[in-house]
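Trainee: Here is my input; please provide its structure:
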Amino acid sequence: MHTHLNLLGRVHEQAEGMLACIANRCPTSSEALGRIVVEGSINLMFLSVLGDERHILSFFNRWIVEHKRKLEEWRLKVEGKAYMQEIQSMIDDRLSALENYKYYVDFVIKNLSVDVMNLPKYWPKSLYNRFESLGLEESYYTIYHRLSGSSHITAEDTISWMMFLNQSNEQRRSLAIEAWSYSIMMSRIVSLTFIEGVMGCCQAHGLKDNRTLQRFNELKQYLAQAVSEISESAGVPNDNNPRQ
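Mentor: Model (predicted):
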């Protein structure tokens, strides 16, 4: 439960940051944070709805293994460089700190009699596989992947900007309004994903109170309606606004 509670709090903080960006008219930053919120919400659902202590320990252990691998990779990259000793000292310090994490996780693994050899299978390395396990693979493409433009600074927005350089101010203004509406729409979709993650986690921990569940559903309906209301302004094709 403590793992789920910690993750919930961390994702909630990122969701607050996303909404703060919207409030302060920083739409692209809100999209980048939104992608973090989606990933965190999926991880929370995967661990709480489908998982048990083995999934949590696999989640912990995967981070330790990957972090150690990157540090050793870094060590090889600096071999023969003038600053090698200074960097390798930093790497050694970090590896020493990592041993404390490993000691803690190994202690829990031993006390819960978890088979270490089978541990990797409980935490899919691919985020897509976690979406898939939850039956949400379409959301990977329609939400998570669509938010990659800002987090990875992809070419899409730059191409759009270049295409409109010779257009009128009114046409460029229309594009800007659509982009701004799109960011707001995605923040609402991300918020809905977060609410679903929190609801799933609470139900996994025994939430059965009808009034609380009804409140969750009301929030989801409210957000779904808010998404629908802005979708046309955000450029989403529909019967009234078909894309050519």
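Trainee: After the strand or helix carrying residue 69, which helix or strand is next?
Mentor: Under the criterion of DSSP states H and E, residue 69 resides in helix 53-77. Going down the chain from helix 53-77, the next helix or strand is helix 84-111, by DSSP H and E.
Trainee: pLDDT weak spots in this protein?
Mentor: Residue ranges of the chain with pLDDT under 70: 239-244.
Trainee: packing partners for the biggest helix by length in it?
Mentor: Among the elements of the chain assigned as helix by DSSP state H, the one spanning the most residues is helix 169-204. Where contact means 3 or more Cβ pairs under 8 Å, 6 or more residues apart in numbering; DSSP states H and E, helix 169-204 is packed against helix 2-23, helix 27-45, helix 156-163, helix 210-231. C-betas here are computed from N, CA, C, even on glycine.
Trainee: Format those as CSV; extra columns: distance to residue 170 and mean neighbour count.
Mentor: Output for the helices and strands packed on helix 169-204, formatted as CSV (distance: least, Cβ to Cβ, whole Å; neighbours: other Cβ atoms under 10 Å):
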stretch, distance to residue 170, mean neighbour count
helix 2-23, 25, 16
helix 27-45, 20, 23
helix 156-163, 16, 12
helix 210-231, 21, 13
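Trainee: I'd like those as TSV, with distance to residue 150 appended.
Mentor: Shown next, in TSV, are these (distance: least, Cβ to Cβ, whole Å):
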stretch	distance to residue 150
helix 2-23	10
helix 27-45	4
helix 156-163	8
helix 210-231	18
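Trainee: check contacts around the residue located most distally from the centre of the chain.
Mentor: Distance from the C-alpha centroid of the chain, by Cα atoms, centre = their mean, peaks at residue 82 (38.5 Å). Residue 82 makes no contacts at all, as judged by Cβ atoms under 8 Å, 6 or more residues apart in numbering.
Trainee: which residues does residue 197 contact?
Mentor: 8, 11, 40, 41, 42, 44, 45.
Trainee: Kindly reformat those residues as a markdown table containing distance to residue 184.
Mentor: Shown next, in a markdown table, are the contacts of residue 197 (distance: Cβ to Cβ, whole Å):
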| residue | distance to residue 184 |
| --- | --- |
| 8 | 24 |
| 11 | 20 |
| 40 | 21 |
| 41 | 19 |
| 42 | 22 |
| 44 | 24 |
| 45 | 24 |
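Trainee: which pair in those residues spans the largest distance?
Mentor: The largest separation in those, counting by Cβ to Cβ, is between 8 and 42 at 12.9 Å.
Trainee: Sounds good, over and out.
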